[in-house]
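Peer 1: coords please:
(chains A and B)
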Amino acid sequence: GENVEQHPSTLSVQEGDSAVIKCTYSDSASNYFPWYKQELGKRPQLIIDIRSNVGEKKDQRIAVTLNKTAKHFSLHITETQPEDSAVYFCAATSYNAGNMLTFGGGTRLMVKP
Amino acid sequence: GAGVSQSPRYKVAKRGQDVALRCDPISGHVSLFWYQQALGQGPEFLTYFQNEAQLDKSGLPSDRFFAERPEGSVSTLKIQRTQQEDSAVYLCASSLVGLAGYTGELFFGEGSRLTVL
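Peer 2: Numbering: from 1, shown residues only, chains lettered A, B, ... in the order given. Model (predicted):
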């Protein structure tokens, strides 16, 4: 089955700086890679996703890049704000997995004002 | 309702008790998933339904865990003879699409936090 590793587990940045979170996956058949943001005690919410037919996707201050050859994908947040502080999870799935997401272990992002 | 609804939000059980956790998915969503999230960890897959059919239950940790979705809408996750290691947040998620080679957004509920004493 799929295995997703996520790094770093914690990340502290100054407000306005950029943050990068990296994930690797093991199943070459994986073709969908979402990122979820989870605030304390809240539900995970999708913030951006990428499919295997593109290498990069951007939405305002957040972007995701995908390297299928190396089987890794990354989340980039620019101009970080205190409200970006949360736990971020990457995930992967494929048609063969029937939409079942395999999640990484999470990254706790702290943005210091 | 507009989103996935789960109840109860918090449940404290004594070791050995049975518990039942309910999930109301978004109306019309075909797929329904249960995940277990331990403190400080990512969600771990438990089981998956497409309509009323349970297509994958490979993530259920033991035969004490049972899930059903009899009418293809509301789902219940039941844990029998609870143990301390069952303490976790149980997340339900639904998706509009089913097994069709297309992956769609998963919408999560707020979760049910189970504490077993």
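
Peer 1: Bridged to residue B:6, which residues?
Peer 2: On the basis of DSSP bridges, residue B:6 is bridged to residue B:23.

Peer 1: can you count the residues close to it?
Peer 2: 24 (other CB atoms under 10 Å in any protein chain shown). Any C-beta I mention is one placed from the backbone N, CA and C, and that applies to glycine too.

Peer 1: Then residue B:57?
Peer 2: With other CB under 10 Å as criterion, residue B:57 counts 15.

Peer 1: Over to residue B:38?
Peer 2: For residue B:38, using other CB under 10 Å, the count is 12.

Peer 1: distance of it from chain A?
Peer 2: 10 Å (CB to the nearest CB, to the nearest Å).

Peer 1: Tell me how many other residues crowd residue 18.
Peer 2: In the absence of a named chain, this looks at chain A. With other CB under 10 Å as criterion, residue A:18 counts 11.

Peer 1: not quite, I wanted chain B
Peer 2: The local packing of residue B:18 (other CB under 10 Å) involves 11 other residues.

Peer 1: Contacts only, for residue A:79.
Peer 2: Listed by CB atoms under 8 Å, 6 or more residues apart in numbering or on different chains, the contact set of residue A:79 reads A:16, A:18, A:61.

Peer 1: Apart from its neighbours in sequence, what residue is nearest residue A:8?
Peer 2: If the residues on either side of it in the chain are set aside, residue A:8 comes closest to residue A:107, at 6.1 Å by CB to CB, 6 or more residues apart in numbering or on different chains.

Peer 1: Beta-bridge partners for the one you found, please?
Peer 2: On the basis of DSSP bridges, residue A:107 is bridged to residue A:88.

Peer 1: Repeat that for residue B:115.
Peer 2: Taking DSSP bridges as the rule, residue B:115 bridges to residue B:12.

Peer 1: Does it touch residue B:13 like I think?
Peer 2: Yes. Applying CB atoms under 8 Å, one finds residue B:115 in contact with residue B:13, separated by 7.3 Å.

Peer 1: Between these two, point out the one with more neighbours.
Peer 2: Between residue B:115 and residue B:13, residue B:13 has the larger neighbour count (other CB under 10 Å), namely 17 against 13.

Peer 1: tell me the SS of residue B:48?
Peer 2: Here residue B:48 is recorded as strand under DSSP: H, G, I helix; E, B strand; the rest coil.

Peer 1: hang on, residue B:85 in a strand?
Peer 2: No. Counting by three-state DSSP, residue B:85 falls outside a strand, being helix.

Peer 1: is any part of stretch A:9-23 close to chain B?
Peer 2: No. Using CB under 8 Å from any CB of the partner chain, stretch A:9-23 never reaches chain B; the gap is at least 8.7 Å.

Peer 1: And the contacts of that stretch?
Peer 2: With CB under 8 Å, 6+ apart as the criterion, stretch A:9-23 contacts A:4-8, A:33, A:72-82, A:84, A:88, A:90, A:92, A:104-113.

Peer 1: what residue is smack in the middle of chain B?
Peer 2: With distances taken as CA atoms, centre = their mean, the residue of chain B nearest its centroid is residue B:34 (2.9 Å).
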